[in-house]
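Undergrad: need a 3D model of the following:
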Amino acid sequence: MKYFHISLVFKPKDLPKWLIDFRIKYDKPYPYHLTLKNETEVKERDVELLKKLVRKISTKYFLKELEMVFKNVIIKETSKGYCIMITAQENSSMRNLQAEIIEETSSFGKVYSAEHAEFEKSFTPHITIGRHLTNRQLLQAEKELPNKICFETKPEKLVLTIVNRPVIEERLREQNRNYCFFEN
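TA: From the prediction side, this is the model:
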């Protein structure tokens, strides 16, 4: 049994310096991405079928229609502490892409955790900027957030990651990553 994860890789436009510093302090600064499908089981015999499916989905969308503007901060309590996220303004193309990925991959296996399954149901495009924060860290982080936040993202590609264990460190290894490109 393997696990797969699907995300959108993007480059922020005019990234504010405070955000870079904030992520270094309150989050492991993983590459910028937007999770569309959390770790889900897949049988080894179905991996090639999954790769073809994700490539096919990516050809239906154009890069320009997936651009997003991030403006709002939300804080959620998770099983591992508090999480600070910046959410994007509504983008119907992004919602459609995520919904199609969820629907088309539903037959491969179960989502690894109930928390992740809930995330998929209530999909909110966001960038995590702080994770696993204690009450004390959260209070300090809230003081450091600016009053006004606004930046845009330029999508680049979908990343389908196939791993043996559902952990982010494995998802970041280049040998586990498969890239699918959108139409320009």
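Undergrad: now the strands for the protein?
TA: Along the chain, the segments classed as strands by DSSP state E run 2-13, 33-42, 68-78, 81-88, 126-133, 151-163, 177-181.
Undergrad: how about JSON lines for those, with distance to residue 100, mean neighbour count and mean pLDDT added?
TA: To be clear about C-beta, it is placed using only N, CA and C from the backbone, and glycine gets the same treatment. Listed next are the strands of the chain as JSON lines, based on distance: least, CB to CB, whole Å; neighbours: other CB atoms under 10 Å; pLDDT from 0 to 100:
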{"stretch": "strand 2-13", "distance to residue 100": "11", "mean neighbour count": "20", "mean pLDDT": "91"}
{"stretch": "strand 33-42", "distance to residue 100": "9", "mean neighbour count": "21", "mean pLDDT": "94"}
{"stretch": "strand 68-78", "distance to residue 100": "17", "mean neighbour count": "15", "mean pLDDT": "93"}
{"stretch": "strand 81-88", "distance to residue 100": "18", "mean neighbour count": "19", "mean pLDDT": "95"}
{"stretch": "strand 126-133", "distance to residue 100": "19", "mean neighbour count": "20", "mean pLDDT": "94"}
{"stretch": "strand 151-163", "distance to residue 100": "11", "mean neighbour count": "19", "mean pLDDT": "91"}
{"stretch": "strand 177-181", "distance to residue 100": "13", "mean neighbour count": "15", "mean pLDDT": "89"}
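Undergrad: residues contacting the closest residue to residue 8 other than its chain neighbours?
TA: Nearest non-adjacent residue to residue 8, counting by CB to CB, 6 or more residues apart in numbering: residue 34, 4.3 Å away. The contact partners of residue 34, taken as CB atoms under 8 Å, 6 or more residues apart in numbering, are 7-8, 10, 68, 94, 125-127.
Undergrad: closest to residue 173 among these?
TA: residue 7 (14.2 Å; CB to CB).
Undergrad: dump the residue contacts of residue 168.
TA: Applying CB under 8 Å, 6+ apart, we find residue 168 in contact with residue 30.
Undergrad: how much space between it and residue 151?
TA: Distance, residue 168 to residue 151, by CB to CB, to the nearest Å: 23 Å.
Undergrad: tilt between the longest helix anywhere in the chain and strand 2-13?
TA: The longest helix of the chain (DSSP state H) is helix 92-105. Following axes from the mean of the first three to the mean of the last three CA atoms, to 10 degrees, one obtains 170 degrees for the angle between helix 92-105 and strand 2-13.
Undergrad: I appreciate the help and will end here.
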